[in-house]
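Prediction below, plus the sequence it came from.
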4 protein chains.
Amino acid sequence: MAIPGMEGMTAMDSTQKIENDESRSARSEKLKQERRKELLGVALAVFAERGYHQTRISDIIEAAGVARGTFYLYFESKHAIFGALLDDVLGRIRESVVGVDSSADAAPLRAQIHGILVRLLSLVRESPALSQLALREAIGLDTEIDAKLDAFYAELHRWLSESLSNGQRLGFLSAFDAPLVSWCILGSVERALRLLLEREGAFQIEAIADALLDTHLTGILPR
Amino acid sequence: MAIPGMEGMTAMDSTQKIENDESRSARSEKLKQERRKELLGVALAVFAERGYHQTRISDIIEAAGVARGTFYLYFESKHAIFGALLDDVLGRIRESVVGVDSSADAAPLRAQIHGILVRLLSLVRESPALSQLALREAIGLDTEIDAKLDAFYAELHRWLSESLSNGQRLGFLSAFDAPLVSWCILGSVERALRLLLEREGAFQIEAIADALLDTHLTGILPR
Amino acid sequence: MAIPGMEGMTAMDSTQKIENDESRSARSEKLKQERRKELLGVALAVFAERGYHQTRISDIIEAAGVARGTFYLYFESKHAIFGALLDDVLGRIRESVVGVDSSADAAPLRAQIHGILVRLLSLVRESPALSQLALREAIGLDTEIDAKLDAFYAELHRWLSESLSNGQRLGFLSAFDAPLVSWCILGSVERALRLLLEREGAFQIEAIADALLDTHLTGILPR
Amino acid sequence: MAIPGMEGMTAMDSTQKIENDESRSARSEKLKQERRKELLGVALAVFAERGYHQTRISDIIEAAGVARGTFYLYFESKHAIFGALLDDVLGRIRESVVGVDSSADAAPLRAQIHGILVRLLSLVRESPALSQLALREAIGLDTEIDAKLDAFYAELHRWLSESLSNGQRLGFLSAFDAPLVSWCILGSVERALRLLLEREGAFQIEAIADALLDTHLTGILPR
DNA sequence: AATGAATGAGTATTCATTCAT
DNA sequence: GATGAATGAATACTCATTCAT
């Protein structure tokens, strides 16, 4: 609703004139943000349904009920609005993957990881269109988009790799090539998310999270 | 099988005539296949470098040194040549993934799986362009291509899932959701292949194969 | 109907606003129709000069001084603009051929028919390009166009055939195969129109109309 | 069968060599003409079915079962083979329209004209494809083709016009603008032929010929 | 003569983006 | 801000014709 960093600016000023101007611009700014969000939502739906290349600007503006030029008032290009959507979903994924609390009174490690996985899977279930953007549409689109995705995965990988290394240092985990195994795990998770996306309803989030955990924690050989 | 330029030196009986005709048409057929393969090779390189959408037919024919019409003599469309390349790489991957031999005198299971992984990874190392086609370019291109890829992964998954189920039945493997875990493993392998593709030289094939095996066989928890 | 540049000088109540909007959209609609008509006119000239197949979209847009895309803003395709022109000319011909008034105080039959012929011939003289479209260019172009032409001629034929049958019933005309003779007459008229088109200036409209009338009314044998 | 002007060349010569060569070349010439005719027949069928522009050289050579290059051995171009076919049909029409015999012991004028019309209509019935070429496909194709058609019609017109003038001079026909009326009659006939072509079976040749004759000879007014 | 692989000029149509109103 | 008419670069595909074998 309120624009971050703008909240304080609506405080009463001494002159009516300024107050009016400010409140007017604040209001218009608000309207602008709302329209922007509406466009983002519409574009998301269209991109998810038709794919990036099959989507025409016309599809978006028709669905949004705005004029052609209006679109370019809010986004520099087709590429830009896709980038904005991608940033959005990548941000949400980032938020789902918070650090593991290794303090004494923290939840058991397994439960924490389980939570992360459930959050990720729920994100896919609740925002399938957005997820599809990151998991399918964005791949191989563009050097710029590719770089963005690569950076994101690198970031995830760094976080996971360091977590695993920590676990190894603390003796929680066995000795293995942490960076390499991190990529494997990321791959598993990515495929699991895609699974939920493509075969909606065929799998339970809990079941997937457990399968991911068990496979990677204890493997498939009998103990 | 007549030697080029030697036909006139033999008696011109009807048999010879037919033979000549056959050899001539066989030769032209051979040339045709060569031309086709050359076009495929060139297109592969261009697709891998620029991506499907950034690739124009002009790029391919210029690189191949043939005329515009010649391209369409061998492939119905840009889409068709991409499909042919994809079929090619999917076929190669299929060949790399042969059945596991569970007879008494067979190699140990681990060694067999290790072999499969090494074959897959080698394929990526040796044919990075072709691999990139399957792992990046083909994703989200087209409903038809998508269906082809989906079918391929479904096939891989079926094979893996049944293999795991077999292992469980024989007591080699612990109890787990075989279909789900199969997807996880496929995800790991896919990411590992992509890793080799993107960070060429940063990883050793053997190391990756081992990491994949260990993670999934015994997990990352200490035993 | 607001005067351009005057809008701001009137009170900005909602009624005015709507009126302004309406006049603005009406004006733009008018401009659009004008642009469309201009394109039709230019295309007509080019089609008449070069023929359908020899005419490229470039010819039309260059002559019209608009951009490529603009053309497609007004017409779906080359075929579509030709169809629109054909509809235009067929409509005009239809208008030229009004029903014959057989009431007691009507003009004599001969004079009425003479009038129809003169109108048709004048149409050709005044809009030779348009006429050429219907009489030459449209023939054998396309199944769709063919169907349109056939339907038009069938309509003309039905009208003429019924008129003749009426005349026979009323005793004005002798006994003959009305449908067949109608086709003959249509053929004569068509050729006469083509004559005027191709040998512009060599014949007088009145002379042609008289010749057509006399030939079909009383024949070429002496009475 | 035999090539006009070539029959005498197969007479016995003194030397075997020459005889062989000549007979061989005569035979090959014969074969050549046969192949040419076959191509013409096939092209005719295809042109009639699909129309000139929709017909591809591929359609013709596939239907004829010859190679691409072979076509160009017999005809310079697509345009040329169409021209040859058009010449053929125009020639046949010319043959159908022979001079009217005005000698004392000749058949009555009406019967003679009736014969001409029946010949023309029969030509259309027996060679609808060929007729369609002249009556539909050839129109507006090309300046060259147009000129050929125009010249043909002019020729027909000249013949008819002079015949009518003769009749007038001899008192058989009333006074009218012979050239103009000739065009009207040509138009009627043309349309009648087209009628037979398009509504095959709906009309009898005799009926059409009679309708044409009656309309133009005595008109549609009661006598 | 016959073949058919190769050629390459030719063109309708699309669609992201701009900009005058 | 909003509009939507105008823009024009971009491009896959066709097909008549040639020519080496």
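Okay, I see it. Numbers count the residues shown, from 1 in each chain, chains lettered A, B, ... in the order given.

So which bits of chain A are right by DNA strand E?
A:55-58, A:68-69, A:71-72, A:77-79 (C-beta under 7 Å from any atom of the strand). Using the backbone N, CA and C atoms, a C-beta is placed for each residue, glycine as well.

The same query, at a cut-off of 6 Å, please.
Neighbours of DNA strand E within chain A, by C-beta under 6 Å from any atom of the strand: A:56-58, A:68-69, A:72, A:77-79.

can you pick the most crowded of those residues?
When neighbours are taken as other C-beta atoms under 10 Å in any protein chain shown, the top entry among the residues of chain A next to DNA strand E is A:Lys78 (18 neighbours).

residues touching that one, list them.
Taking C-beta atoms under 8 Å, 6 or more residues apart in numbering or on different chains as the criterion, A:Lys78 is in contact with A:55, A:57.

what's the helix or strand for A:Phe71?
helix A:68-74 (DSSP states H and E).

close to chain C, is that helix?
No: Helix A:68-74 is not in contact with chain C by C-beta under 8 Å from any C-beta of the partner chain; minimum separation 12.0 Å.

any residues touching that helix, and which ones?
With C-beta under 8 Å, 6+ apart, helix A:68-74 has contacts from A:32, A:35-36, A:39, A:57-58, A:60-61, A:64, A:81.

Quick check: next helix or strand after that helix?
Downstream of helix A:68-74, the first helix or strand assigned by DSSP H and E is helix A:78-96.

Would you enumerate the residues in contact with A:Asp87?
When contacts are counted by C-beta under 8 Å, 6+ apart, A:Asp87 touches A:Lys148.

Could you list the domains of chain A?
Domains of chain A are assigned by automatic domain parsing as A:14-74, A:83-218.

deepest of the ones you listed, which one?
domain A:83-218 (a mean of 17; mean count of other C-beta atoms under 10 Å in any protein chain shown).

what's the spacing between A:Ala192 and chain C?
46 Å (C-beta to the nearest C-beta, to the nearest Å).

Spatially central residue in chain A, please.
Nearest residue to the geometric centre of chain A (C-alpha atoms, centre = their mean): A:Val89, 2.5 Å.

close enough to count as contact, that one and A:Ser127?
Yes: here A:Val89 reaches A:Ser127: they are 7.3 Å apart, a contact under C-beta atoms under 8 Å.

Now do the worst-scoring helix or strand of chain A on mean pLDDT against helix A:78-96, angle only.
Least confident element among the helices and strands of chain A, by mean pLDDT, DSSP states H and E: helix A:16-50 (a mean of 81). Interaxial angle, helix A:16-50 versus helix A:78-96 (axes from the mean of the first three to the mean of the last three C-alpha atoms, to 10 degrees): 90 degrees.

Helix A:16-50 and chain B in contact?
No: judged by C-beta under 8 Å from any C-beta, helix A:16-50 and chain B are separated, with a smallest distance of 10.0 Å.

same for that helix, what does it pack against?
Packing contacts for helix A:16-50, counted by 3 or more C-beta pairs under 8 Å, 6 or more residues apart in numbering or on different chains; DSSP states H and E, involve helix A:57-64, helix A:68-74, helix A:78-96, helix A:128-132.
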